[in-house]
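>>> Provided below for reference: sequence and predicted model.
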Amino acid sequence: MTPNQEKLIKQYNENPELVEKVYNKDRGDILQYFINQGLMDYLDEDIFEDYLDLVLYEKLSGKEGEDRYNMAKEISEKYLGSELVFEDGKIYYDADREDLLQIFEDSRDGVRYVADKILSMDDDWWEPYQDVVNKNSFYDDCIESLTNENKMLLANRLNDELLNKQVSPDTDLLEEIAEEQGHPEYVNLSTDLIYNRILDDEDTSKYLLLDETDIGNEMMWRYGDAYNQAAVDDYYKSVMSSIDDFFESDTQPVPNTYKYTSQYTGKEVVKDVLRVDVTKSAIPMLITYLSNWKDSNRYNEDIAYFGSFTALVKQLLDWGELSPVSFRLDDYVGYSEVADTYNEIIVGDVI
């Protein structure tokens, strides 16, 4: 910067109207001169209220590395509130869970609805699927999916329930066993008999677990829980992965608390948020927004109008500069995931 330029900048920052009058130039002309000379960093941006986004765009886009990071931090702290946190070279977005819904596609397949359920702090338990198992599917779902260890536990529980009871031979297998035991009119059960023979037979298993005892209904109830838990786990992974993809995050969002002072009460408010790593995406998003000062058909308000990173992201989505994310909603949950969860939660509760 030459001495004359340094003098001009000082004079302009102190009295812009006078300099414009002396040179017979309007504010836009003066601004363009400083842009062409690469002198934007030395100007008071508040002077250019009507050209704010252009000024910030030139200041930010013309920098690289740490200088760009520090300029983005300065812009964010001045115009976007405290949602963005600049820390140790990283940028985090302390996002209200409801605000994150805007990045999900709002379509008939229900992606945003699912995201809302997953991100909601109000739902302690959500059952996306109802009546997932019935008497017809009971054997395949509730017995065949058991591990050998849990089948043995089930055999013990069933034997305890029917201990000292003469069971009517109401199935082909029970008739066969009754004949073998020497008393065709009833069957004496044992844990070994249940484990090695009865649980391998669908009709007999249903008869003893659903008709002779209530164990089967307990198993169906817990299988439904396992199915829904596995479904919610899958949805959770999809929602978090979608957030990662949208913001180009290297790590999954983590719960965090966000503190601010209410402008209405003056009191400190503590809010539960998700902290999203936006190191790779926040500055490009900011530059993309600021660059839209060029488009008179699209451009309406400068960055000071929005006051938050959330509102800025919404504007980019509305313009089509960003695309909402989606994920696949399957009609059913994978068998292995349900079986693993079912075998875990049934122990100590039903068997």
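That came through, no problem. Numbering: from 1, shown residues only.
>>> could you pull out the strands for this protein?
For the chain, applying DSSP state E gives strands covering 84-87, 90-95, 254-261, 268-277.
>>> Let me have those strands in TSV, extended by distance to D192 and mean pLDDT.
C-beta coordinates here come from the backbone N, C-alpha and C atoms, glycine included. Conversion of the strands of the chain to TSV gives the following (distance: least, C-beta to C-beta, whole Å; pLDDT from 0 to 100):
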stretch	distance to D192	mean pLDDT
strand 84-87	63	96
strand 90-95	57	95
strand 254-261	49	75
strand 268-277	53	84
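>>> Residue ranges in the stretch 101-250 of the chain under the pLDDT threshold?
121-124 (pLDDT under 70).
>>> Distance-wise, check E98 relative to L312.
Plainly put, E98 is 17 Å away from L312 if you go by C-beta to C-beta, to the nearest Å.
>>> who has more neighbours, these two?
L312 (24 against 12; other C-beta atoms under 10 Å).
>>> for V167, what are its contacts?
By C-beta atoms under 8 Å, 6 or more residues apart in numbering, the residues touching V167 are L174, Y186, V187, N188, L189, L208, E212.
>>> let's see 7 Å
L174, Y186, V187, L189, E212 (C-beta atoms under 7 Å, 6 or more residues apart in numbering).
>>> Got the phi and psi for the second one?
If I follow you right, that is Y186. phi -160, psi 170 (degrees, to the nearest 10).
>>> Give me the nearest residue to it, chain neighbours excluded.
Excluding the flanking residues, the one nearest Y186 by C-beta to C-beta, 6 or more residues apart in numbering is Q166, at 3.7 Å.
>>> Count the neighbours of the one you found for me.
13.
>>> rewinding a little: okay if I get the strands of the chain as a markdown table plus distance to D67?
As requested, the strands of the chain are exported to a markdown table (distance: least, C-beta to C-beta, whole Å):
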| stretch | distance to D67 |
| --- | --- |
| strand 84-87 | 13 |
| strand 90-95 | 15 |
| strand 254-261 | 28 |
| strand 268-277 | 21 |
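>>> right, and those strands - which one's nearest D302?
With C-beta to C-beta, the closest approach to D302 among the strands of the chain belongs to strand 84-87: 17.6 Å.
>>> Given the closest one, what are its sheet partners and their directions?
Looking at strand 84-87 with DSSP bridges, its partner strands are strand 90-95 (antiparallel).
>>> Pull out the buried positions in the strand it pairs with.
I91, Y92, Y93, D94, A95 (16 or more other C-beta atoms under 10 Å).
>>> ok now do the third one, which residues does it touch?
Which is Y93. Contacts of Y93 by C-beta under 7 Å, 6+ apart are E83, L84, F247, V276, V278, A282, F309.
>>> Pretty sure the first one sits against F309.
Yes: the pair formed by E83 and F309 meets the contact definition of C-beta atoms under 7 Å, at 4.5 Å.
>>> The contacts of V167: which two are farthest apart?
Pairwise distances across the contacts of V167 (C-beta to C-beta) peak at 12.3 Å, for the pair Y186 and E212.
>>> more neighbours, the two?
Neighbour comparison, Y186 and E212: the larger count goes to E212, with 18 against 14 (by other C-beta under 10 Å).
>>> That one and E98: what is the separation?
50 Å.
>>> Over to S323?
20 Å.
>>> check contacts around the residue of the chain most remote from its centre.
Distance from the centre of the chain peaks at G182, with 62.6 Å (C-alpha atoms, centre = their mean). G182 makes no contacts at all, as judged by C-beta under 7 Å, 6+ apart.
>>> same question, D44
Contacts of D44 (C-beta under 7 Å, 6+ apart): N13.
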